[in-house]
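Colleague: quick check, what structure comes out for this input:
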Amino acid sequence: MSSNVPKSAQRMSSSNKPLSHPSSKENTSTGTRSMSVNVKVNSNVHTPLDQNLSTPSKDLTAALDKVDCKQTGTGTGKKSQPAGASLKSSMNNQNSSNGNTASSNNGNTNHNFSQLYNECVSLLRAKQYRSCEMVSTYHLSNLRDDDGELLEAMNNNNASASSIVTTLTEKASIYEILGDCTAHQNQLTRAITFYKRAQHQFRSLRPMLSKHNMSTSMSIHNILQVQTASEANVKLKEARCHAKLNNFTEAASILESAVPKSSPLRTFGMSMELGNCYLTNGRKNEAKRAFLDALSRNIYAMEAIEKLVLLNVERSEVMRVVNENIKKKQQKELKEQMLAEKENQEQSSSSSSSSSLGSQPSISLPIADIVTAYFYSNRSTTSHQANALAQWKKLHAAYPSSMHILLEMALLQSKNPSLDNARAAESTFEKIRTLDYNFLEGMDTYASILSKQCNLSELGRLTGELLQVDDTRAEAWAALALYHDACGESDKALAFVDKGISCEKSKHIGLSSSRASGSSDHAHAFCHRLKGSILLAQGRPDIAGTCFFRSNEIKRDIASYEGLVESCLSAKRYKEAICTAKEAMSFAPRDSRALTLVGLALSKASPPSSNNGRDNGGKERAKKALRKALTLDPMSLRPLLALVDLHLAENDYDTCEELLKQGIEDGGQTGINSTSPAMSRVYDRQVVLQSKLADLYLKSRNFTEALTYFHRALSLNPDCMEAQHGMERLENAMKGSSSHGIDGSINSASELVEDHIDHDHGDYYDAPVDL
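Modeller: Numbers count the residues shown, from 1 in each chain. Presented below is the predicted three-dimensional model:
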């Protein structure tokens, strides 16, 4: 008798899930060998499930019990195990195993798989994939091919149900082993085909269960949904193959239809895979729900927390999921305690019982503190970032050897130097290098810090070490690009940053969506941003804008928005610059850098020296935005210098002097970063303001004050090229022999920078990229 499942339905339901492979265990009580249907497959890409799988539904268990009774008459007292018991035991053990560790079925199973099958499993464990594939194909040819004949033989009582279950399960396992072997050899299309065949073997068991009064109807909906953990595991493997082929829509569709959220077979790994597929396809709301579901199943899913932070999910929503998970864990532990006490028949006092009921769950990490630190780190305001840094420092005190905590601290310190001392980020990166010499994540940011300091010797040493550790990582090539750009070799820098981008592209193609995310996103976005800054310094704003757009597409960041706005302004696309600045404002409404972008775009879009009311309105709105940016972050240099230049263009020297002197009185050591890494050394705030004020006095012909402030700037930093060139212009002006005259003195911060470099790197305040 042929299978009860229609062939059309079988074709429609050929989306598959991972099965765990068997390992053998000697049964000393019976002298027979019983086989487990779960084995660990050590795979870097296609790992089996890492979550506990749910047990079969009650109706399925009841149906299997009926199969037992029908074949045995009484259901008890038989030495040989009937089909229902065998299958039920197999399903229970598959569902209760975690898919990552080899586990044996209990003594009730009688799946006498062949010795050749065991050899296939051994070869797979030894990662001898080609040998395993060859042996598996040999073994598959020994098994009966026609599943319909098997079922017909069982219905005619020509074969026992247990033998049919053994054959179908062994065939499914062999097909899955073939799928794993081909997947590891990067033959993904073949792997998908094998996983589909494995799934077909599991579906072949459903008519047998249905024949014995199984309550589940054989509708298309139920055929598409998996019914055992083994089917679910094969489906997950198939979905990961599709994701690795960049078929993210197909991968998500397979998991959605086969293992919906309400299914007891949905696992943490499936939710993470779904979230990554949704995120890649731009389905952010679905991605949020998938990552929240993953976190509800495993509160230690740090990657899920990172993705939720980037998706701007409310912290309260994430904390609610975490607290609910902790509560469930506490209830589960209390239940296990009570069961243990009941089994041991131990009598406990009322005081000890009340103490047990009030005990806390054994949460090994301060998850709530980690979630808070992540969310504060993603906020744009200085107060939030200061709280985040304090939180990370608290965690660092408890876990001093954690590189990831140190990395988060270093990234915050480099993003906002005012949070800590001027050398804090550099010192933190050095700690990371001391703890783990081979740790490359975030080292591109460390290289950019050394580039800003013009510390070429240390930057060269770091670059060589990174390339020696792993020359396939984007961080190493980004560091090399920074080194050559700092040496003035921008063409070489572009070639090396392209190499870093190509490394990240190949990494994304070679990994599934879940593996190609996280730290690689940071490195990939950094490379595009670095390339954009170099192109912008070369006067190629159109191509630079494309790079900044790609960087922002990979990982939205204010630094990328700065590059986009600067590219539009350099290309004189003022309307587009204003729209981009407003988009940055909507992304980070409390970030002073976003308000600065609005002010810069409005100021550049309005023609100078125009009496038109509309243009004057644009200037006034620019001033208002810049003043609000200073209110949000009084230590920020970019809005201050931009505001000074606006008043300077109107010859409002008194306001300029007031703003600069107020900035000098406020103190601070905040660095300023310009467009090109080659000249974006960490200028001391006081040096910049003193030199700018001296320029103001030079333009207003107050030579005495100009000389005083140029001397102050040089006393703070004798290598300040701006102050040195300013002194030369001052001497020429005082002698009356300047080829430019007084009108040739610095009118804006951009001219001050251009005097000591070979090409235009942009205004001080226009610096778009904080690398």
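Colleague: all contacts plus neighbour counts: C-alpha atoms, from now on.
Modeller: OK.
Colleague: pLDDT below threshold where in the stretch 351-500 of the chain?
Modeller: For the stretch 351-500 of the chain, the stretches flagged by pLDDT under 70 are 351-363, 422.
Colleague: residues contacting residue 665?
Modeller: Counting by Cα atoms under 8 Å, 6 or more residues apart in numbering, residue 665 touches no other residue.
Colleague: so who does residue 395 touch?
Modeller: 369, 370, 405.
Colleague: ok, of the residues you listed, which come out buried?
Modeller: 370, 405 (16 or more other Cα atoms under 10 Å).
Colleague: give me the contacts around stretch 128-140.
Modeller: By Cα under 8 Å, 6+ apart, stretch 128-140 touches 116-117, 120-121, 123-124, 171, 174, 177-178, 181-182, 184-185.
Colleague: the contacts of residue 395 in helices, which ones?
Modeller: Secondary structure from DSSP state H places 369, 370, 405 of the contacts of residue 395 in helices.
Colleague: quick check, nearest of those residues to residue 434?
Modeller: residue 405 (14.4 Å; Cα to Cα).
Colleague: before we move on, the earlier item: need the contacts of residue 395 in a markdown table with distance to residue 502, can you?
Modeller: Listed next are the contacts of residue 395 as a markdown table, based on distance: Cα to Cα, whole Å:
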| residue | distance to residue 502 |
| --- | --- |
| 369 | 37 |
| 370 | 33 |
| 405 | 29 |
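Colleague: with respect to residue 454, which of the contacts of residue 395 is nearest?
Modeller: Distances from residue 454 to the contacts of residue 395, taken by Cα to Cα, are shortest for residue 405, at 27.3 Å.
Colleague: which ones are touching the closest one?
Modeller: By Cα under 8 Å, 6+ apart, the neighbours of residue 405 are 392, 395, 396.
Colleague: let's go with 7 Å and repeat that
Modeller: 392, 396 (Cα atoms under 7 Å, 6 or more residues apart in numbering).
Colleague: for this structure, spot the helix or strand the model is least confident about on average.
Modeller: strand 33-35 (a mean of 34; mean pLDDT, DSSP states H and E).
Colleague: residue 468: neighbouring residues, count only.
Modeller: When neighbours are counted by other Cα atoms under 10 Å, residue 468 registers 11.
Colleague: could you dump the helix or strand hosting it to PDB, C-alpha only?
Modeller: Assigned by DSSP states H and E, residue 468 falls within helix 456-469. Output of helix 456-469 as PDB, limited to C-alpha atoms (Å, rounded to 0.1, in the frame of the first residue of the first chain):
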ATOM      1  CA  LEU A 456      53.300  56.500  12.500                       C
ATOM      2  CA  SER A 457      55.800  54.200  14.200                       C
ATOM      3  CA  GLU A 458      53.200  52.700  16.500                       C
ATOM      4  CA  LEU A 459      50.600  52.600  13.700                       C
ATOM      5  CA  GLY A 460      53.000  50.800  11.500                       C
ATOM      6  CA  ARG A 461      53.800  48.300  14.200                       C
ATOM      7  CA  LEU A 462      50.100  47.700  14.900                       C
ATOM      8  CA  THR A 463      49.400  47.200  11.200                       C
ATOM      9  CA  GLY A 464      52.100  44.600  10.800                       C
ATOM     10  CA  GLU A 465      50.900  42.700  13.800                       C
ATOM     11  CA  LEU A 466      47.300  42.700  12.600                       C
ATOM     12  CA  LEU A 467      48.200  41.400   9.200                       C
ATOM     13  CA  GLN A 468      50.400  38.700  10.800                       C
ATOM     14  CA  VAL A 469      47.500  37.500  12.900                       C
END
